[in-house]
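Visitor: Next come a sequence and a model predicted from it.
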Amino acid sequence: PCVRDGDRYTIYRVEREVVHPLTNKIVGYKINFLGEGKVLRTVRPLVSVLVTRSYSEISRGDLVTNVFEPLVLTRAMPNKVELVATIIDFHHETTAAGQYHYVYIDKGADDGVEKGNRFEIMWRGDGLRRGQVPNLKDYPDEQIGIATVIEAYDRHCLAVLTNSVREIERGMPAVMAKGF
């Protein structure tokens, strides 16, 4: 594709590989959107770009792609399918997430996930003994959060935690119940 004066682009950086917390397989790459730019002038083979929006520092060697439209508020809609998924990563580099944080879930449009679907984040255990319980299966499943899908990609989705009563960690199960 040709680059023309006036074209707009999104500037981004590949941060790292994303490894599934349960299978240890690489499921993709973490991308950091840094800003937007507008082409001012093209003099082959170089292009002059004005940075019109910056979300983070932009450096020589960062990559460009077509403009991504900003995510819009998504209304919750009933789930058409039932799935059990896993929280695979967080949008920001952190060890745990809470309400209003963005999370990546390992199921996507190919599995029937759509914008507006909701996942229940589940947990089982004793909050005081943190992993030191003899028979974990004896403890009930507890819903500790709800994640609403704001973008469904082919094999994963991006969701916002609209509710959480404790910290959400990588590897936690996310259940999409039909009709929820």
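Guide: Happy to help now that I have it. As the structure is a computational prediction, the values presented were derived from the model and not from experiment. Numbers count the residues shown, from 1 in each chain.
Visitor: make it CA atoms for all contacts and neighbour counts henceforth
Guide: Noted.
Visitor: ok, the longest strand seen in the chain: who's next to it in the sheet?
Guide: When every strand of the chain is counted residue by residue (DSSP state E), the longest turns out to be strand 26-43. The strands that strand 26-43 pairs with in its sheet are strand 8-19 (antiparallel), strand 46-54 (antiparallel) (by DSSP bridges).
Visitor: Next one, pLDDT for the most far-flung residue of the chain relative to its centre please.
Guide: Of all residues in the chain, V43 sits farthest from the chain's C-alpha centroid, using CA atoms, centre = their mean; the distance is 37.4 Å. You'll see V43 listed with a pLDDT of 86.
Visitor: any idea which of the strands paired with strand 26-43 is most buried?
Guide: Ranked by mean neighbour count, these are led by strand 8-19 with a mean of 17 (mean count of other CA atoms under 10 Å).
Visitor: Export that one to PDB, keeping only CA atoms.
Guide: Taking C-alpha atoms only, strand 8-19 is exported to PDB below (Å, rounded to 0.1, in the frame of the first residue of the first chain):
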ATOM      1  CA  ARG A   8      -3.300   8.700   9.500                       C
ATOM      2  CA  TYR A   9      -1.500   5.900  11.300                       C
ATOM      3  CA  THR A  10      -1.400   4.300  14.800                       C
ATOM      4  CA  ILE A  11       2.100   4.100  16.300                       C
ATOM      5  CA  TYR A  12       2.800   0.900  18.400                       C
ATOM      6  CA  ARG A  13       5.500  -1.200  19.900                       C
ATOM      7  CA  VAL A  14       5.700  -5.000  20.400                       C
ATOM      8  CA  GLU A  15       6.400  -5.400  24.100                       C
ATOM      9  CA  ARG A  16       6.700  -9.100  24.700                       C
ATOM     10  CA  GLU A  17       5.400 -12.600  24.000                       C
ATOM     11  CA  VAL A  18       2.200 -13.600  25.900                       C
ATOM     12  CA  VAL A  19       2.500 -17.100  27.400                       C
END
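Visitor: Low-confidence stretches in the protein?
Guide: Counting by pLDDT under 70, the chain shows low-confidence ranges at 1, 70-72, 129-133.
Visitor: Would you map the strands across it?
Guide: Here the chain has its strands, by DSSP E, at 8-19, 26-43, 46-54, 63-66, 83-90, 102-105, 118-123, 142-152, 157-164, 173-176.
Visitor: before we move on, back to that, nearest to A109, of the strands paired with strand 26-43?
Guide: Proximity to A109 (CA to CA) singles out strand 8-19 among the strands paired with strand 26-43, at 18.9 Å.
Visitor: coming back round to it: now for the strands of the chain, which one comes closest to M77?
Guide: For these, distance to M77 was read as CA to CA. The smallest value, 7.7 Å, belongs to strand 118-123.
Visitor: which ones are touching E167?
Guide: When the contact criterion is CA atoms under 8 Å, 6 or more residues apart in numbering, the partners of E167 are A96, A97, G98.
Visitor: Many thanks, I have nothing further to ask.
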